[in-house]
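[1] predicted model follows, preceded by the sequence.
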Amino acid sequence: MSGTAPTKRLYIKTYGCQMNVYDSERMADVLSPLGYVATDSPEGADLVVLNTCHIREKATEKVYSELGKLREMKDARAAEDGAVMNIVVAGCVAQAEGEEIMRRQPAVDLVVGPQAYHQLPELIARTHRARGERLAADFAAEEKFDALPVERRPTGVTAFLTVQEGCDKFCTFCVVPYTRGGEWSRSPQTIEAEARGLAAQGVREVTLLGQNVNAYAGEGGLAALVRRLAEIPGLDRIRYTTSHPRDMDDSLIAAHAEVEALMPYLHLPVQSGSDKVLKAMNRAHTADSYLRLVEKIRAARPDIAMSGDFIVGFPGERDADFEATLQLVREVGYAAAFTFKYSRRPGTPAAAMPGQVAEAVKDERLARLNALLEDQQRAFNASQVGRTLPVLFERRGRHPGQLIGRSPYLQSVHVSAPDRLIGQIVPVRIEDAARMSLAGVLAETAELEPV
Ligand code: 5AD
Ligand code: SF4
């Protein structure tokens with residue numbers, strides 16, 4: 001794959017007030033990660049945005065006459081070199097006329113009102129990707145895959161295996177859709193070959209990696225991939241991360257009930273428990289739909305350990321919104337979690353949202369959220385005491401004669417055990433629990449309970 005990112009030319013024509021001038025600058029900013037560079041003429045532009053104004057009479061007619069000229073340019077470019085010139089109508093005329101504009105002038109590709117500018121990169125990226133074109137942001141991912149050798153030298157008994165890259169979700173706080181490009185999946189054949197290679201070298205557990213791993217688009221989706229890899233001799237444990245709630249389909253949930261090798265641990269970020277914040281984040285789920293999803297997953301695999309990502313202090317987050325996050329955490333009960341203070345990433349829609357939250361407020365919310373999640377983690381670990389769990393021993397511990405392994409729920413387990421057990425899955429009776437780890441003793445195989 002060639003390495004240079006394609007530059008695209010962006011021409012924005014601004015009508016009217018200062019507000020529009022500001023919005024036009026912002027539109028140029030949010031489009032720059034996709035490879036768009038501003039030019040000062042529509043000639044040869046790949047994307048033309050008319051940022052319109054409704055304040056004067058006949059403004060709408062002026063826009064239609066401008067669009068007529070642009071249509072001629074668009075047709076001429078298509079006839080000359082097959083290039084596509086996208087036309088977007090933004091601003092107040094877009095707001096007022098809506099899709100009527102596209103009916104009157106079919107050369108227009110998109111109409112976005114001022115409330116929807118944060119969706120512009122997503123909409124533009126979709127238009128390109130629908131045509132099979134790649135954007136500047138898409139290159140990094142593919143180069144990385146090209147560079148990945150199928151023959152790998154794993155250093156232990158667990159390994160990561162990248163199956164998917166990129167993201168089309170465009171959460172408004174996140175740079176990944178720009179920096180990593182669109183969702184892209186490796187073929188099941190390549191992945192299987194790599195997994196067989198890993199198993200042949202002693203890997204017993206693989207974690208399938210992807211920014212949106214459950215959007216894996218190989219045939220049959222992630223569920224089919226998991227079932228396929230579960231057939232590989234020696235590969236006894238499969239995990240995957242990170243998942244988006246909206247791609248958690250029934251076939252994957254069924255795999256959690258049916259595939260023994262699929263470990264009972266799921267990292268399913270929710271980010272917030274407030275529907276208002278979730279909407280501003282463009283998450284496409286509500287607190288309630290997330291809770292129902294977790295219920296469904298637990299119906300399939302009752303002992304599953306849930307983990308999540310949370311952001312506190314997203315723009316516009318009020319006390320009541322934060323309380324809703326705490327409430328959701330109480331309802332789910334997490335075994336592990338990653339928490340973040342919202343941080344402004346230039347070029348992302350949330351960076352320009354009103355209601356940025358003061359640092360001190362973020363600190364205070366983070367501390368409260370962490371305290372709750374740490375309690376839950378301790379409680380989850382403590383609930384394992386007295387059970388006998390299969391532990392995959394990975395390496396020596398800090399103390400002589402001690403090994404460290406992993407439980408099915410991804411907990412570290414410290415056990416006195418001989419080195420020859422490294423790489424083996426062995427029953428361990430859990431005797432003690434702390435927040436970050438468990439301790440136990442080797443048990444008789446007969447004691448092993450089903451997990
Ligand atoms: N600010 C804070 N947290 C962020 N994350 C992603 N972008 C931001 C940001 N701008 C967090 C999300 C995501 C995790 C990988 O990082 O919670 O799930
Ligand atoms: Fe995609 Fe995850 Fe970033 Fe959302 S947070 S845009 S799902 S990578």
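    Looks like it arrived, so ask away. Numbering: from 1, shown residues only. Ligands and ions are numbered 1, 2, ... in the order given.
[2] let me see the ranges of the helices in the stretch 351-451 of the chain.
    359-382 (DSSP state H, counting those that start in this stretch).
[3] pLDDT weak spots in it?
    446, 450 (pLDDT under 70).
[4] identify the residue of it closest to ligand 1, quick one.
    With CB to the nearest ligand atom, the shortest gap between the stretch 351-451 of the chain and ligand 1 falls at A351, namely 8.1 Å. Using the backbone N, CA and C atoms, a C-beta is placed for each residue, glycine as well.
[5] counting contacts, what elements does the one helix or strand M73 maps to pack onto?
    Using DSSP states H and E, M73 falls within helix 59-81. The contact analysis (3 or more CB pairs under 8 Å, 6 or more residues apart in numbering; DSSP states H and E) places helix 59-81 against strand 47-52, strand 86-90, helix 91-97, helix 100-104.
[6] how far off centre is the first one?
    Looking back up the chat, that one is strand 47-52. Remark: strand 47-52 is offset 30 Å from the chain centroid, using CA atoms, centre = their mean, to the nearest Å.
[7] go on, the last one?
    Between the mean C-alpha point of helix 100-104 and the mean C-alpha point of its chain there is a distance of 35 Å (CA atoms, centre = their mean).
[8] so in terms of bridging, what pairs with the nearest residue to V93 once chain neighbours are set aside?
    Nearest in space to V93, with sequence neighbours left out and distances taken as CB to CB, 6 or more residues apart in numbering, is T52 at 3.6 Å. Beta-bridge pairing for T52 (DSSP bridges): G91.
[9] now G405
    On the basis of DSSP bridges, G405 is bridged to F393, V413.
[10] how far away is it from G333?
    Applying CB to CB, to the nearest Å, the value for G405 to G333 is 24 Å.
[11] ok, and for stretch 388-400, which residues are buried?
    T388, L389, P390, V391, L392, F393, E394, G397 (16 or more other CB atoms under 10 Å).
[12] I'd like the residues you listed laid out as TSV, including distance to ligand 1.
    TSV is the format used below for the buried residues of stretch 388-400 (distance: CB to the nearest ligand atom, whole Å):
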residue	distance to ligand 1
T388	34
L389	28
P390	29
V391	28
L392	26
F393	29
E394	24
G397	29
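[13] and the two most separated of those residues?
    Across the buried residues of stretch 388-400, the longest distance by CB to CB is 19.8 Å; it joins T388 and G397.
[14] same question for stretch 333-343: list its buried residues.
    Residues Y334, A335, A336, A337, T339, F340, Y342 are the ones in stretch 333-343 that count as buried (16+ other CB under 10 Å).
[15] and the third one, how far from ligand 1?
    If you measure A336 against ligand 1 using CB to the nearest ligand atom, to the nearest Å, the figure is 14 Å.
[16] also the fourth one?
    Note on A337: its distance to ligand 1, by CB to the nearest ligand atom, is 10 Å.
[17] who's that residue bridged to?
    Bridge pairing for A337 - DSSP bridges - gives G308.
[18] that one contacts V312, correct?
    No: using CB atoms under 8 Å, A337 makes no contact with V312, being 11.9 Å away.
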